[in-house]
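**Student:** Have a look at this prediction, sequence included:
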Amino acid sequence: MLATASLISLLAASASALALPASNKRDVSCPWNGVANGSGPFTLLSVFDADTTVQKPVGLGTNGLADSSTTESIASVVATTFQLADGGITAAPLTGGESSVSDPVLPPNGWLSFIQPDEGVTIPPASVYCELFNTSPHGTEFPYALSIAGDSDSFSLCKSSTSAQELIIYEATEDGAANAGLDYSTCEPVHVHLIYAD
C-alpha cells in the first residue's frame with residue numbers, strides 16, 4: 001500500500017513538473033510535437049527530400065505579393081528573417097518599411113506568400129503555421145520544421161513558368177500547377193526548416 005501511494009505521488013509530481021506554463025501552451029491546430037509560437041527570429045531553409053545535401057535558403061522577393069522563394073532565384077530580396085507568433089509568420093524587411101505577414105495558403109498548389117500592408121496599416125498574419133520538433137532519439141541536423149496544421153511533408157520547391165523564381169508550394173499537383181503559374185516538371189519535394197541563430 002505504501003509503495004502504491006509513493007508511486008502515485010511520484011507520478012503526480014512528474015506530471016506537474018512536465019506541465020507546460022500557460023504562456024507556452026501549444027495551439028490546438030498544432031500536433032503534440034509542435035507549437036504556434038517560435039522562440040525567436042529565424043531564417044528558412046528548404047532541404048530536398050531526395051538529396052538532403054541540396055539546401056536552399058528562402059527569402060521574400062516581390063512579384064505582386066511577396067513570394068517565398070530561394071534567395072538565389074530572386075532579383076531583389078525583400079526579407080530573409082522571420083518570426084512565428086500565434087501560428088502566423090511575420091517577415092522583417094531588410095530595409096525600412098512595414099513587415100510582411102503570411103497570407104492564407106490555399107491548397108493545392110498554394111504559394112507560401114506574404115502581404116505587405118501599406119504604411120501605418122496593421123494586418124494580422126494568417127494563423128495556419130506550426131513549428132514541429134523532430135523527436136528522433138538519434139537527433140537530426142535540422143530539428144525544427146515548418147508545417148501547416150501539423151503537415152510538414154507536403155511542401156515542394158517549384159520553378160515559376162514565367163520567371164526564374166523557385167517558389168515554396170504547398171501540395172503541388174500536376175493537374176493544377178499550370179493554372180498556378182508553375183512548371184510542375186521542376187517541382188522537388190522539400191522540408192522547410194526554421195534555422196535559429198546560435
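**Tutor:** Good, I have the coordinates.
**Student:** From here on, just use CA atoms for contacts and neighbour counts.
**Tutor:** Will do.
**Student:** Please tell me how far the closest residue to Asp49 other than its chain neighbours sits from Val47.
**Tutor:** The shortest distance from Asp49 to any non-neighbouring residue, by CA to CA, 6 or more residues apart in numbering, is to Val190 (5.1 Å). Per CA to CA, to the nearest Å, Val190 is found 5 Å from Val47.
**Student:** helices and strands of the chain: which one bottoms out on pLDDT?
**Tutor:** helix 2-18 (a mean of 34; mean pLDDT, DSSP states H and E).
**Student:** Run through the residues that contact Val190.
**Tutor:** Contact analysis of Val190 by CA atoms under 8 Å, 6 or more residues apart in numbering lists Ser46, Val47, Phe48, Asp49, Asp153, Ser154, Phe155, Ser156, Leu157.
**Student:** pLDDT of stretch 29-38, averaged?
**Tutor:** Stretch 29-38 shows a mean pLDDT of 88.
**Student:** can you tell me the distance between the two ends of that stretch?
**Tutor:** With CA to CA as the measure, the first residue of stretch 29-38 is 15 Å from its last.
**Student:** For that stretch, buried residues please.
**Tutor:** Buried positions in stretch 29-38, judged by neighbour count with 16 or more other CA atoms under 10 Å: Ser29, Cys30, Pro31, Gly34, Val35, Ala36, Asn37, Gly38.
**Student:** Which parts of stretch 174-190 count as buried, going by neighbours?
**Tutor:** Across stretch 174-190, burial judged by 16+ other CA under 10 Å covers Ala177, Ala180, Leu182, Asp183, Tyr184, Cys187, Glu188, Pro189, Val190.
**Student:** Okay, and the beta partners of the fourth one?
**Tutor:** Translated: Asp183. Judged by DSSP bridges, the bridge partners of Asp183 are Lys159.
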